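**Student:** Return a 3D structure for these sequence lines:
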Amino acid sequence: MTGAVILIIAAAVVLVAALWWTRRQDLQRERTELDDARAEARRWVERLGGQVLNLDGTDDASKQAMADAAERHGAAVTQLDRASSPEQCRLTTRTALEGLHYVRAARTAMGLDPGPELPDLSHGAGRVSELREVEVEGRQQIASPSPGDRTPHYYPGGRVAGRPVPEGWYSEPWWKPALVAGAWGAGSFLLMSSLFSGMSGVPEAAQGDGLQDPGDFGDQGDSGDQGDFGDLGDLGDLDLGDFGL
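**Tutor:** Below is the predicted model of the structure:
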């Protein structure tokens, strides 16, 4: 065997070893990232589970908020069981955080200390700043910054099918059909325009601006899907490091 052949073989062995080592390091890093993301998600899911188990609502608003929190907990548990990537674990974390926002809302409705602040999940959706009562397609719809007998449905704020839904208390959960279907119906555009037009603290996109054509919005997904893994695009900006709850 000539010296040139030996050098070629030696170089090939070194290259294969280097590739093997690099891949091994990548796999180790991926496993560590997944384990860390799973542990973080489990921490929030368990925290939500404890709140759901130990807190009962005392009126319609707080009972509904706790029911929504329990639903989010069930969805988060399912997501955690299925999670096989850091992105899916982060989605689980978001679902659990949504549930904790509902718990805070329930505590507020009962006149209790809402507890420590939570990461903001609204992504600029704004907040209902005044009581607004309108009639749309023969139905009375109410939005309010605070809970009441006529506004028992809380929403923590966020984007549903690509459109912002402000944080607040509502007479009906009118955003849920879009949450499930991934697209808004024409009647929802009129409702949003009537409820939020000119309201301070609410972005123009929720006030009816550009909502005339339902065809503009396809299936954009939403993190609120019942246990499935949806759009993770908004999750990259969520920094949980400062919330050691």
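**Student:** residues contacting Pro86?
**Tutor:** For Pro86, the contacting residues are 33-34, 36-37, taking C-beta atoms under 8 Å, 6 or more residues apart in numbering as the criterion. Just so you know, the C-beta spots here come from the backbone N, C-alpha and C atoms, and that holds for glycine as well.
**Student:** domains of the protein?
**Tutor:** By the assignment in automatic domain parsing, the chain contains the domains 3-119, 132-233.
**Student:** could I get the ones you listed as TSV with distance to Gly126 and mean pLDDT?
**Tutor:** Written out in TSV, the entries for the domains of the chain read as follows (distance: least, C-beta to C-beta, whole Å; pLDDT from 0 to 100):
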stretch	distance to Gly126	mean pLDDT
domain 3-119	15	91
domain 132-233	4	80
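**Student:** re the thing from before, and the contacts of Pro86, which two are the farthest apart?
**Tutor:** Pairwise distances across the contacts of Pro86 (C-beta to C-beta) peak at 7.4 Å, for the pair Leu34 and Asp36.
**Student:** Neighbour count: these two, which is higher?
**Tutor:** Summary of the neighbour comparison: Leu34 and Asp36, criterion other C-beta atoms under 10 Å, with Leu34 having more neighbours (17 against 12).
**Student:** so what's the more buried one up against?
**Tutor:** For Leu34, the residues meeting the contact criterion (C-beta under 8 Å, 6+ apart) are 84-86, 89.
**Student:** quick one, helices of this structure?
**Tutor:** Using DSSP state H, the helices found in the chain span residues 3-54, 60-82, 86-109, 176-181, 186-196.
**Student:** And the ones you listed: which comes nearest Leu131?
**Tutor:** Put simply, out of the helices of the chain the one that sits nearest Leu131 is helix 186-196, at 10.8 Å, with distance taken as C-beta to C-beta.
**Student:** Report the buried residues of the closest one.
**Tutor:** 188-196 (16 or more other C-beta atoms under 10 Å).
**Student:** go on, stretch 132-139?
**Tutor:** Buried residues in stretch 132-139, counting neighbours by 16+ other C-beta under 10 Å, are found at 132, 134, 136.
**Student:** and what of stretch 18-35?
**Tutor:** Of the residues in stretch 18-35, those scored as buried under the neighbour-count criterion (16+ other C-beta under 10 Å) are Leu34.
**Student:** distance of Leu97 from His73?
**Tutor:** From Leu97 across to His73, the span is 11 Å (C-beta to C-beta, to the nearest Å).
**Student:** I misspoke; the intended subject was Arg29.
**Tutor:** 31 Å.
**Student:** Test my guess that Ala70 contacts Leu55.
**Tutor:** No: judged on C-beta atoms under 8 Å, Ala70 makes no contact with Leu55 at a distance of 10.2 Å.
**Student:** quick one on the thing from earlier: just the closest of the buried residues of helix 186-196 to Ala109, please.
**Tutor:** In terms of C-beta to C-beta, no member of the buried residues of helix 186-196 lies closer to Ala109 than Leu195, at 20.4 Å.
**Student:** Chain neighbours aside, what residue packs nearest to the closest one?
**Tutor:** Across the structure, with C-beta to C-beta, 6 or more residues apart in numbering as the measure, the residue nearest Leu195 apart from its sequence neighbours is Ala143 (4.9 Å).
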